[in-house]
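Participant: The sequence and its predicted three-dimensional model are supplied below.
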Amino acid sequence: MSTLEFNQALVDLEYSLRFFAMNFTKNKADAQDLTQETMLKALSYKEYYAPQTNFKAWVFTIMRNTFINQYRRKVKSRSIFDSSKELEQFSTIKGAKETPLEFISTKDIQNKIAELDGTYKTPFEMYFQGFKYQEIGNKLNIPIGTVKSRIFIARKKLMSELSDYSYSN
């Protein structure tokens, strides 16, 4: 697919993307932002699009992953997509802040991730930023099996070093 064909196909999907974004955000301005972010990412990562595959599904997957990543970031900062000004004020009061225990837990986890050997840390972080295994492999110039293995090993190391935070019934 040439650059011109790629760009035209993306522009042709804009209305559908905006409609799909409204299903996620329930807010016109947020839907517009999500659509623009998706189109920008599609353009930025067009070399990862495999010709002869479903272009629409590829772009819609980018949107879904972008929304999920944004949602996770907003939940972490305690503000979710919401057009209500009154509810927005509640998200900034002291009671809505992270508890000291949550703050310490987050810091411990971030420190353990930072301590990982770069061989494991880079693929692990990229995966949790929303990159696909194939994208990580292409970016780091390693096979997809190696990517999966390194992410698995990173998880195992973190689980053993953060055993205090393990979930048990």
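Facilitator: Right, received. Where do you want to start?

Participant: so what does the lengthiest helix in the chain touch, helix or strand wise?
Facilitator: Longest helix of the chain, by residue count under DSSP state H: helix 55-76. For helix 55-76, the helices and strands in contact under the criterion 3 or more C-beta pairs under 8 Å, 6 or more residues apart in numbering; DSSP states H and E are helix 14-25, helix 28-44. From N, CA and C alone the C-beta is placed, and that goes for glycine too.

Participant: Out of those helices, which is closest to Arg72?
Facilitator: Shortest distance between Arg72 and the helices and strands packed on helix 55-76, using C-beta to C-beta, is found for helix 14-25: 13.1 Å.

Participant: which parts of the closest one are buried?
Facilitator: Residues of helix 14-25 classed as buried: Leu17, Arg18, Phe20, Ala21, Met22, Phe24, Thr25 (neighbour count, 16 or more other C-beta atoms under 10 Å).

Participant: Out of these, which comes closest to Ile62?
Facilitator: Nearest to Ile62 out of the buried residues of helix 14-25 is Leu17 (C-beta to C-beta; 9.4 Å).

Participant: is it true that the closest one touches Glu37?
Facilitator: No: counting by C-beta atoms under 8 Å, Glu37 is not a contact partner of Leu17; they are 10.3 Å apart.

Participant: In the chain, what helix or strand scores lowest on average pLDDT?
Facilitator: Across the helices and strands of the chain, the lowest-confidence element by mean pLDDT, DSSP states H and E is helix 85-90, at a mean of 47.
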